[in-house]
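[1] Okay, sequence plus prediction incoming.
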Amino acid sequence: MGLFDKIFGKKQQQETLNQGLEKTREGFLSKITKAIAGKSTVDEAVLDDLENALVSADVGIETTVKIIEQIEKRVAKDKYLNTAELNQILKEEVQHILVAASQDSSYENYELPTGHKPHIILVVGVNGVGKTTTIGKLAHNFKLAGKSVLLGAADTFRAAAVDQLTIWSERAGVPIVKKDMGSDPAAVAFDTVNSGVAKNVDVIIIDTAGRLHNKAYLMDELTKIKRVIQKVIPDAPHEVMLVLDGSTGQNALEQAKHFTAATDVTALTITKLDGTAKGGVVLAIAHQFKIPVKFIGVGEKAEDLLVFNKQDFVDSLFNSNGE
């Protein structure tokens, strides 16, 4: 049991997840229930209704088609399935999708991957998705787990971003490297990594500009940041984390398409799942991009940024009692 788990407890984390996914769970399960209501067997009509329910729950067309195809194979193999069994089959297929997305537990209890130090996370995402707030919450929780943290404010195009990250650094009690607005983002990143190495910190988290209107410029900027920090640590960054707003549903998928085309994204954080019934988009993103979801945001508090556990997520999604 890690320090983070000792402080909060597995049960409390599960309760936080259940509360945060309440709107998604209610919408998801109600749509599925309506799709199979009054039916005794899983036939073509049930599958059509289920397909519509999944799409309307923001699971996405591509992911929905995959799920329905797998269920059709089960129906054909077992010859006779009743709707009481459908919920369990659906749950299993959702689990398969998350497993296929190469999920891992590299941050379980906010522990860091071994084999290198410092661990450098470069955070990307458009303005408004909760990127800077997520970085602040990560800093808070890593420190709570006993890690030393350094922040880098490389989003120098918005004074508000630097100010917001500074507030979070003070709140979390972790140092920050920043420069004046308009400064070269790569220079901030370089100074941050240099400082982190000198201070022997455990984890460095670097914020970047949240612009998407020009993919070529975005790619050039991120490439430059990577290049300069690799002068200090050749295999850095160890993680490129894309932050997406789960409440935007399919728009989050579009953002993921743009960012994965512009840079090598290795991890996802999906925020604002507590205020939406569109949490099904987690499945769509995981299936379509095969990029691990590492964290999910289910509330305003720092402790509401949870390490993503696929089993806990699926259990919460299909638990009609929310327990």
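    On my side now, so go ahead.
[2] low-confidence ranges in the chain?
    Flagging of the chain using pLDDT under 70 yields the residue ranges 1-9, 79-80, 101-105, 211-215, 320-323.
[3] all strands for it, in order.
    119-124, 149-153, 176-177, 203-207, 239-245, 267-271, 293-297, 305-307 (DSSP state E).
[4] I'd like those strands as TSV, with distance to residue 190 and mean neighbour count appended.
    Glycine gets a C-beta too; all of them are placed from N, C-alpha and C. Below are those laid out as TSV (distance: least, C-beta to C-beta, whole Å; neighbours: other C-beta atoms under 10 Å):
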stretch	distance to residue 190	mean neighbour count
strand 119-124	12	25
strand 149-153	9	27
strand 176-177	10	22
strand 203-207	10	28
strand 239-245	17	24
strand 267-271	22	25
strand 293-297	25	23
strand 305-307	27	22
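[5] between the ones you listed, which gets nearest to residue 132?
    strand 203-207 (5.9 Å; C-beta to C-beta).
[6] Show me what the closest one is packed up against.
    Under the contact definition 3 or more C-beta pairs under 8 Å, 6 or more residues apart in numbering; DSSP states H and E, strand 203-207 sits against strand 119-124, helix 131-144, strand 149-153, helix 185-199.
[7] can you tell which of these is closest to residue 218?
    That would be strand 119-124 among the helices and strands packed on strand 203-207, by C-beta to C-beta, at 8.3 Å.
[8] Run the angle between that closest one and helix 185-199 for me.
    With axes from the mean of the first three to the mean of the last three C-alpha atoms, to 10 degrees as the basis, strand 119-124 and helix 185-199 are set at 160 degrees to each other.
[9] Tell me the strands beside strand 119-124, with direction?
    Using DSSP bridges, strand 119-124 pairs in its sheet with strand 203-207 (parallel), strand 239-245 (parallel).
[10] closest to residue 36 out of those?
    Among the strands paired with strand 119-124, strand 239-245 sits nearest to residue 36 (C-beta to C-beta), with 30.7 Å.
[11] now that closest one against helix 131-144, angle please.
    Counting by the same axes, to 10 degrees, strand 239-245 lies at 120 degrees to helix 131-144.
[12] Can I get strand 239-245 in PDB? Just the C-alpha atoms.
    Output of strand 239-245 as PDB, limited to C-alpha atoms (Å, rounded to 0.1, in the frame of the first residue of the first chain):
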ATOM      1  CA  GLU A 239       5.800  11.600 -20.700                       C
ATOM      2  CA  VAL A 240       3.900  13.900 -23.100                       C
ATOM      3  CA  MET A 241       0.500  14.300 -21.400                       C
ATOM      4  CA  LEU A 242      -2.500  15.600 -23.300                       C
ATOM      5  CA  VAL A 243      -5.300  17.100 -21.200                       C
ATOM      6  CA  LEU A 244      -8.800  16.800 -22.600                       C
ATOM      7  CA  ASP A 245     -12.100  18.200 -21.300                       C
END
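[13] For it, report the contacting residues that lie outside it.
    119-125, 128-131, 134, 222, 251-252, 255-256, 259-260, 263-272, 285, 291, 294 (C-beta atoms under 8 Å, 6 or more residues apart in numbering).
[14] Can you lay out the helices and strands packed on strand 203-207 as TSV showing distance to residue 209?
    Formatted as TSV, the helices and strands packed on strand 203-207 follow (distance: least, C-beta to C-beta, whole Å):
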stretch	distance to residue 209
strand 119-124	9
helix 131-144	10
strand 149-153	11
helix 185-199	6
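[15] just to revisit the earlier point, go through the strands paired with strand 119-124 and name the closest to residue 83.
    strand 239-245 (33.4 Å).
[16] What is the burial count for residue 42?
    Residues near residue 42, counting by other C-beta atoms under 10 Å, number 23.
[17] Tell me which of the strands paired with strand 119-124 lies nearest to residue 142.
    Taking the strands paired with strand 119-124 one by one with C-beta to C-beta, strand 203-207 is closest: 5.4 Å.
[18] what distance separates that closest one from the centre of its chain?
    Averaging C-alpha positions (C-alpha atoms, centre = their mean, to the nearest Å) puts strand 203-207 16 Å from its chain's average.
[19] Report the angle between that strand and strand 149-153.
    Using the same axes, to 10 degrees: strand 203-207 against strand 149-153 is 20 degrees.
[20] Residues in a beta bridge with residue 240, which ones?
    In this entry, residue 240 is beta-bridged to residue 122, by DSSP bridges.
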